[in-house]
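>>> The sequence and its predicted three-dimensional model are supplied below.
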Amino acid sequence: MTFVFLGLFIILLVVVVRSSLGQPRVVFKAMIHILGGIVGLWLCNFLLSVFGLEVPINFFTILLVGFLGLPGVLALSVLQFMGI
(Lines give C-alpha, C1' and ligand atoms only; values in the text may rest on other atoms or scores of the structure.)
Protein backbone atom coordinates (compact mmCIF):
# COMPACT_ATOMS: atom_id res chain seq x y z
CA MET A 1 0.00 0.00 0.00
CA THR A 2 2.93 2.32 0.64
CA PHE A 3 4.00 1.98 -2.99
CA VAL A 4 0.56 3.10 -4.12
CA PHE A 5 0.80 6.30 -2.09
CA LEU A 6 4.40 6.83 -3.19
CA GLY A 7 3.19 6.58 -6.79
CA LEU A 8 0.39 9.06 -6.07
CA PHE A 9 2.95 11.42 -4.52
CA ILE A 10 5.10 11.22 -7.66
CA ILE A 11 2.03 11.90 -9.82
CA LEU A 12 1.24 14.87 -7.58
CA LEU A 13 4.74 16.26 -8.10
CA VAL A 14 4.44 15.85 -11.88
CA VAL A 15 1.06 17.61 -11.95
CA VAL A 16 2.37 20.47 -9.80
CA VAL A 17 5.40 20.94 -12.04
CA ARG A 18 3.23 20.74 -15.18
CA SER A 19 0.81 23.27 -13.74
CA SER A 20 3.56 25.67 -12.73
CA LEU A 21 5.15 25.66 -16.19
CA GLY A 22 2.05 26.94 -17.94
CA GLN A 23 -1.33 28.43 -17.29
CA PRO A 24 -2.89 26.31 -14.52
CA ARG A 25 -6.24 24.88 -15.55
CA VAL A 26 -9.12 24.03 -13.28
CA VAL A 27 -8.60 20.31 -13.87
CA PHE A 28 -4.97 20.50 -12.78
CA LYS A 29 -5.88 22.52 -9.70
CA ALA A 30 -8.51 19.95 -8.73
CA MET A 31 -6.06 17.09 -9.29
CA ILE A 32 -3.45 18.84 -7.14
CA HIS A 33 -5.92 19.30 -4.29
CA ILE A 34 -7.31 15.77 -4.43
CA LEU A 35 -3.92 14.05 -4.77
CA GLY A 36 -2.51 16.33 -2.08
CA GLY A 37 -5.40 15.32 0.16
CA ILE A 38 -4.78 11.62 -0.41
CA VAL A 39 -1.06 11.96 0.27
CA GLY A 40 -1.76 14.18 3.30
CA LEU A 41 -4.17 11.61 4.74
CA TRP A 42 -1.65 8.84 4.19
CA LEU A 43 1.09 10.88 5.87
CA CYS A 44 -1.27 11.69 8.74
CA ASN A 45 -2.11 7.99 9.14
CA PHE A 46 1.57 7.15 9.08
CA LEU A 47 2.31 9.63 11.86
CA LEU A 48 -0.80 8.80 13.93
CA SER A 49 -0.08 5.07 13.82
CA VAL A 50 2.30 5.67 16.72
CA PHE A 51 -0.74 6.48 18.88
CA GLY A 52 -2.88 3.69 17.42
CA LEU A 53 -5.14 6.07 15.48
CA GLU A 54 -6.06 5.90 11.83
CA VAL A 55 -8.18 8.20 9.69
CA PRO A 56 -10.07 6.16 7.08
CA ILE A 57 -9.29 7.06 3.49
CA ASN A 58 -12.55 6.98 1.58
CA PHE A 59 -14.46 9.15 -0.89
CA PHE A 60 -15.80 11.53 1.79
CA THR A 61 -12.47 12.14 3.49
CA ILE A 62 -10.70 12.65 0.16
CA LEU A 63 -13.33 15.21 -0.91
CA LEU A 64 -13.15 16.99 2.43
CA VAL A 65 -9.38 17.23 2.34
CA GLY A 66 -9.46 18.14 -1.35
CA PHE A 67 -11.67 21.15 -0.57
CA LEU A 68 -10.14 22.20 2.75
CA GLY A 69 -6.51 21.12 2.36
CA LEU A 70 -4.39 20.92 5.52
CA PRO A 71 -7.18 22.20 7.81
CA GLY A 72 -9.29 19.29 6.55
CA VAL A 73 -6.58 16.80 7.50
CA LEU A 74 -6.27 18.39 10.93
CA ALA A 75 -10.05 18.39 11.42
CA LEU A 76 -10.32 14.71 10.51
CA SER A 77 -7.39 13.88 12.80
CA VAL A 78 -8.97 15.72 15.73
CA LEU A 79 -12.34 14.06 15.12
CA GLN A 80 -10.67 10.65 15.00
CA PHE A 81 -8.72 11.43 18.17
CA MET A 82 -11.97 12.42 19.92
CA GLY A 83 -13.60 9.19 18.79
CA ILE A 84 -16.25 10.77 16.60
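All right, it came through fine.
>>> And the pLDDT for the residue most central in space within the chain?
For the chain, the residue nearest the mean C-alpha position is Gly37 (1.8 Å; C-alpha atoms, centre = their mean). pLDDT recorded at Gly37 is 81.
>>> I figured Val55 was touching Leu76, is that so?
Yes: here Val55 reaches Leu76: they are 4.9 Å apart, a contact under C-beta atoms under 8 Å. C-betas here are computed from N, CA, C, even on glycine.
>>> Low-confidence ranges, this structure, go.
By pLDDT under 70, the low-scoring segments of the chain are 1, 24.
>>> where exactly do the helices run in it?
All helices of the chain, identified by DSSP state H, fall at 2-21, 26-48, 59-68, 70-82.
>>> Not counting sequence-adjacent ones, nearest residue to the residue nearest to the centre of the chain?
Excluding the flanking residues, the one nearest Gly37 by C-beta to C-beta, 6 or more residues apart in numbering is Val65, at 3.2 Å.
>>> One more: Met31?
The shortest distance from Met31 to any non-neighbouring residue, by C-beta to C-beta, 6+ apart, is to Val15 (5.2 Å).
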